[in-house]
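Engineer: Starting from these lines, generate the structure:
(one chain, ligands or ions: 1)
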Amino acid sequence: MADGTEDTYRLLDDMPPVPRLPGHVVLSEDADAALDAVGLDLVSHAKACVRAFGDFHLALSGGSTPMPLYERLMIDPAYRDLPWRRTHLWIVDERCVPFGHEKSNFGQIREVLCDHSDIPPSQVHPIHAYDDDADTRYEAELREVLGWREKGHDRLDFVLLGMGDDGHTASLFPHSPALAVDDRFACFNRGPAVTPPDRVTMTYPLINSARFIGALVIGAKKAHMLHRIATGAEPTSEIPIKGITPIGGEFRWYLDAAAARWPQ
Ligand code: 6PG
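Structural biologist: Residues are numbered from 1 along each chain as shown. Okay, here's the model as predicted:
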């Protein structure tokens, strides 16, 4: 059809069905649209939290998937309204390396976001993962800063997660010691089950208490694991992202079509 309608139909026909995952699934036709979907939700949550509480507690993951989103937040006019001056930035997990190391999550996030937004440095909360007391220090900092909020509202507002193709999220790896931690906000995760280098990670209790949790999962490489989550009954020890079960908050998956198209 000369007006392009036919192409539109073909595109929609090409979309896989929305996978049945625990939580709400936002399925976009490509990676670009998935980044926009999570970015726009981030802006609306940030504004709502600033209206309600005067500030916004955001926890970001590392990994390659969210980096284009972080860049977009800095340059796209659609995100100009993000209230960085009222935002506290937390890091979901960190490798035990200095911030200048190429594998440091904070190092990368700092370069893209902190250096180009007007977030006050006192509201940026990196994990000093190369220090022996990094986990207890991070927990103390979380408790102190969130403690300014009224009881019941003293939780993270928006946690952005990714997922490895082995089903890990944050630095919660299959069969790793951190999966069993239920009385702490942050802990070291080490040992043979952890992809080196050693890590410090937010724990299930902290992540699951968040007001909103988003999992951004893009690309065909992740399809096999999403299929296992949607169709199997494997335990959390095998697929750690299955342990993301919010207590009263909302959980949304942001997928592109490639991630949701099951391998035949
Ligand atoms: C990290 C993460 C980790 C990440 C997944 C997915 O620091 O690496 O917090 O949980 O989200 O490994 O990584 P990719 O986006 O690179 O696939």
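Engineer: Okay, now the sheet partners of the helix or strand harbouring Phe251, with direction.
Structural biologist: Here Phe251, judged by DSSP states H and E, is contained in strand 250-256. Using DSSP bridges, strand 250-256 pairs in its sheet with strand 24-28 (parallel), strand 212-217 (parallel).
Engineer: With mean neighbour count and distance to His224 as extra columns, can I get those strands in a markdown table?
Structural biologist: Every residue, glycine included, has its C-beta placed from N, CA and C. Output for those, formatted as a markdown table (neighbours: other C-beta atoms under 10 Å; distance: least, C-beta to C-beta, whole Å):
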| stretch | mean neighbour count | distance to His224 |
| --- | --- | --- |
| strand 24-28 | 17 | 17 |
| strand 212-217 | 24 | 12 |
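Engineer: Pro235 is nearest to which of the ones you listed?
Structural biologist: strand 212-217 (18.5 Å; C-beta to C-beta).
Engineer: What degree of burial does the closest residue in space to Phe251 that isn't next to it in sequence show, as a neighbour count?
Structural biologist: Of all residues not flanking Phe251 in the chain, Gly23 sits nearest, at 3.4 Å (C-beta to C-beta, 6 or more residues apart in numbering). Gly23: 15 surrounding residues under other C-beta atoms under 10 Å.
Engineer: what about Gly249, distance to the ligand?
Structural biologist: Using C-beta to the nearest ligand atom, to the nearest Å, Gly249 is found at 19 Å from the ligand.
Engineer: isn't that residue right up against Arg211?
Structural biologist: Yes. Using C-beta atoms under 8 Å, Gly249 is in contact with Arg211, at 4.9 Å.
Engineer: Pick out whichever of these two has more residues nearby.
Structural biologist: Using other C-beta under 10 Å, the more surrounded residue of Gly249 and Arg211 is Arg211, with 21 against 18.
Engineer: want to throw the strands paired with strand 250-256 into TSV with mean pLDDT and distance to Phe56?
Structural biologist: What follows is the strands paired with strand 250-256, written out as TSV (pLDDT from 0 to 100; distance: least, C-beta to C-beta, whole Å):
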stretch	mean pLDDT	distance to Phe56
strand 24-28	97	21
strand 212-217	98	11
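Engineer: so Val200 makes contact with Phe188?
Structural biologist: Yes. Here Val200 reaches Phe188: they are 5.6 Å apart, a contact under C-beta under 8 Å.
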